[in-house]
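Trainee: Build me a model:
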Amino acid sequence: MKKLMSTSLVALVSTGFTAQAESINILVEGGGKMLQEAVAEKFTEETGIEVVFTEVPYQGVFDKLSAEIASGSSNFDIATIDVVWNANFAPHVDDLSGLFTDEVRADLPSALVEDAKVDGKMIGMPAWANAEIVFYRKDLWEDPDNQAAFKAEYGYDLAPPATWEQWRDMARFFTKDDMHGTATVGLFSEEWMAHVLQAGSPGVILDDAGNVILDNDAHVEALEFYRAPLCEDNSSPENALEIGWGEAQNLFYQGQTAMMKFWAHAYRLTPEDSKVAGRVGVAPMLAGSAGIAGIPGPWYNVIPSSAENKDAAKQFIAYAVEHNAMGIEAPLGLAATNSAYESYMGKDGYEHFGPLLETLGADATQGRPIHPDYQELVDEAVMPAFQAALECEDNVEELLADAAEIARDILD
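Mentor: Have a look, this model is predicted:
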């Protein structure tokens, strides 16, 4: 081991964590390996502990870790899991509260810290996080003719949309010349959930006490807004129920939409041969009456309770969060800590980090319910109502009232 150890390693050694393992095995999906390879190499260089990644597809992480738990033993010292699985695996992973020092907590967006907390323990450490922000065509927004025409029609300056009203106005304005202002994603509900928080709801689907709030005023108001470009303004393609994130992204890249709400990492992945290359601007997620809010998409490093090399695993997790910026050079270019993102702000090509950090750190931003029945609630209650609303015929309030009853039946 090098003479100069990082502060995280010193802290672990001083509190009794000594790693005797020659290697640790981490279960990851493709993005998890990509974002942690650089820090793993540096960790090995400093400690002599080899980091071995077992890479599987997205669903394979859940399935493989579940199988390990069922067997009562684990081949993995760490698993990197999606936040939506935190509640499912919480009983089967170690408490990492000791790694959440005051310094670490202060360097993480509060929503990420809250999502790590399940049944009184900190079940994992954020490895990276993402959120949807606003993408728009800079060339269209900066065009003097568009600026003059927009102000004449709407009475205020054309600037990146910051509010619900501005989003609708600009989507209508740019629906012309074989282009729609935006696209309505109908295959996933996270954008709507972000609007629910923007409207002031204490949570999405459930409140902190686990009560169903799917039919509260904020959920209704947000869904009415979400479907307005499709159902009222004709500023979105009609086939919303066929549009997922990939389809919305492609429409924007092909120049068929003027703006989109999308996961921030995509900023650096804009194809060089796309019609919008070099023309993309970014802004924080929209604000409603409660201000800016987004739904974070973090992944967490957890230690299975049956892992063999727990001390070495804790060393790696502490080291990885301290050196969190090392993942930014990977193609996905994501991190979890404020300091990691801030270290790249102002650099060319990282203009999206300011909007991403503002969205992740917004007071109204919070995660999806950390509940073991979350996916069933989404599949059986949320999505049928959400997609029915995008048919533009049914009353939103009635749809969500029915969905809330289904959700309550699931939880009973």
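Trainee: So if we follow the domain assignment, how does the protein break up?
Mentor: 23-129+297-361, 131-295+370-411 (the TED database).
Trainee: Put together a markdown table for those, with mean pLDDT on each row.
Mentor: Formatted as a markdown table, the domains of the chain follow (pLDDT from 0 to 100):
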| stretch | mean pLDDT |
| --- | --- |
| domain 23-129+297-361 | 97 |
| domain 131-295+370-411 | 97 |
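Trainee: Kindly reformat these as JSON lines and extend each row with mean neighbour count.
Mentor: C-beta: built from backbone N, CA, C; applies to glycine. Output for these, formatted as JSON lines (neighbours: other Cβ atoms under 10 Å):
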{"stretch": "domain 23-129+297-361", "mean neighbour count": "20"}
{"stretch": "domain 131-295+370-411", "mean neighbour count": "19"}
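Trainee: mind listing what Gln249 touches?
Mentor: Met260, Phe262, Ala266 (Cβ atoms under 8 Å, 6 or more residues apart in numbering).
Trainee: in this protein, which spans are strands?
Mentor: Listed in chain order, the strands of the chain (DSSP state E) span 23-28, 50-55, 78-82, 117-118, 121-122, 125-128, 132-137, 259-263, 280-283, 287-288, 291-292, 299-302.
Trainee: list the helices and strands the second one packs on?
Mentor: Put plainly, it is strand 50-55. Packing partners of strand 50-55 (3 or more Cβ pairs under 8 Å, 6 or more residues apart in numbering; DSSP states H and E): strand 23-28, helix 30-47.
Trainee: Any idea which of these gets closest to Asp63?
Mentor: Evaluated with Cβ to Cβ, the helices and strands packed on strand 50-55 place strand 23-28 nearest to Asp63, the distance being 10.6 Å.
Trainee: And the contacts of the closest one?
Mentor: Applying Cβ under 8 Å, 6+ apart, the contact partners of strand 23-28 are 32, 36, 40, 49-56, 61, 64-65, 75-80, 301, 309, 312-313, 316.
Trainee: Please name the strands paired to that strand in the sheet, noting orientation.
Mentor: strand 50-55 (parallel), strand 78-82 (parallel) (DSSP bridges).
Trainee: re earlier: mind putting the contacts of Gln249 in TSV, distance to Leu187 included?
Mentor: Output for the contacts of Gln249, formatted as TSV (distance: Cβ to Cβ, whole Å):
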residue	distance to Leu187
Met260	14
Phe262	14
Ala266	17
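Trainee: Pick the one among those residues closest to Glu165.
Mentor: Of all these, the one with the least separation from Glu165 (Cβ to Cβ) is Met260, at 18.0 Å.
Trainee: And that closest one, how far from Glu224?
Mentor: To Glu224, Met260 is 20 Å away according to Cβ to Cβ, to the nearest Å.
Trainee: Please apply the same query to Glu132.
Mentor: Distance from Glu132 to Glu224, by Cβ to Cβ: 19 Å.
Trainee: ok, now Ile410?
Mentor: 25 Å.
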